[in-house]
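1. Got a sequence here, can you model it:
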Amino acid sequence: MINSYHPEFLTATILNWQHLLNDNFKQIIINAMSWLVKEGKCKIYAFVIMPNHIHLLWKIEDGFDRANVQGALLSFTAHEFKKKLTSDYERLKKYQVNLVDRKFQFWQRDCRIKECWSEEFFKQKLNYIHGNPLQPHWNLADFPEDYYWSSALFYETGESPFEFLAYYR
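-> Sure thing, here's the model as predicted:
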C-alpha cells in the first residue's frame, strides 16, 4: 500500500519550550529541510523557525511514511544540536534525559500535526506561520517578510534564500 498524505501543518517544540534555536541551530533546521526536499521525501510550502519551536506547512510525498520523514528531520537536527553543544556542557545538560533509548532529548515528543483538508484552513495556517514572529511576546520583526527564518518573503516577493520552498498552488 502506498502512503498518500494531504498537506499538513506541523509544530515541533524544543524540550520544555527552551530557547535553543539561535541562528546556528536554525541553519541546521534549514539544512535538514533542504535535504528532505532534495531527496524527494516532501514538499515544504511554508515555515517559520522561532526561538523554541518550528511550524511547517508541508506534504509528505507519496510512497514515504510520515513517521520516517518527520523522524529524519527531528533526529538529524537533534544529533547536530548535540554536536554543537558538546563544548558547552552547561547548556547541553539542560537536554539530558533518563530514557532507555537516549541520553539527550531536544524535541518534545509528539509533534502537533493537523491535516489541511481545505484551502481555507491551509491559508489560515500560512498566515499564522508568517505572523508568528510579529506577535507581541516575540516582537522579532515589524513585517512578516522582514523575519529571515521564514517563508514570508517568498510569498511576498517570489524570492527567497531558501531554494527548497514550493508555492502551495
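2. where does the protein dip in pLDDT?
-> Per-residue confidence for the chain (pLDDT under 70) gives these ranges: 1-2.
3. what comes up buried for the one helix or strand residue 130 maps to?
-> If you go by DSSP states H and E, residue 130 is part of helix 119-131. Using 16 or more other C-beta atoms under 10 Å as the test for burial, helix 119-131 gives 122, 125, 126, 129, 130. For every residue, glycine as well, the C-beta is placed using N, CA and C.
4. Let me see the contact set for the most centrally placed residue in the chain.
-> Nearest to the mean C-alpha position of the chain, counting by C-alpha atoms, centre = their mean, stands residue 54 at 4.1 Å. Taking C-beta atoms under 8 Å, 6 or more residues apart in numbering, we find residue 54 in contact with 10, 11, 12, 21, 29, 47, 48.
5. Residue 10 versus that one, what's the distance?
-> The spacing between residue 54 and residue 10, counted by C-beta to C-beta, to the nearest Å, is 8 Å.
6. Kindly list the longest helix within this structure.
-> Taking DSSP state H as the assignment, the helix of the chain that covers the most residues is helix 66-85.
7. on that earlier part again, inside helices: which ones of the contacts of residue 54?
-> Within those, residues falling in helices by DSSP H are residue 29.
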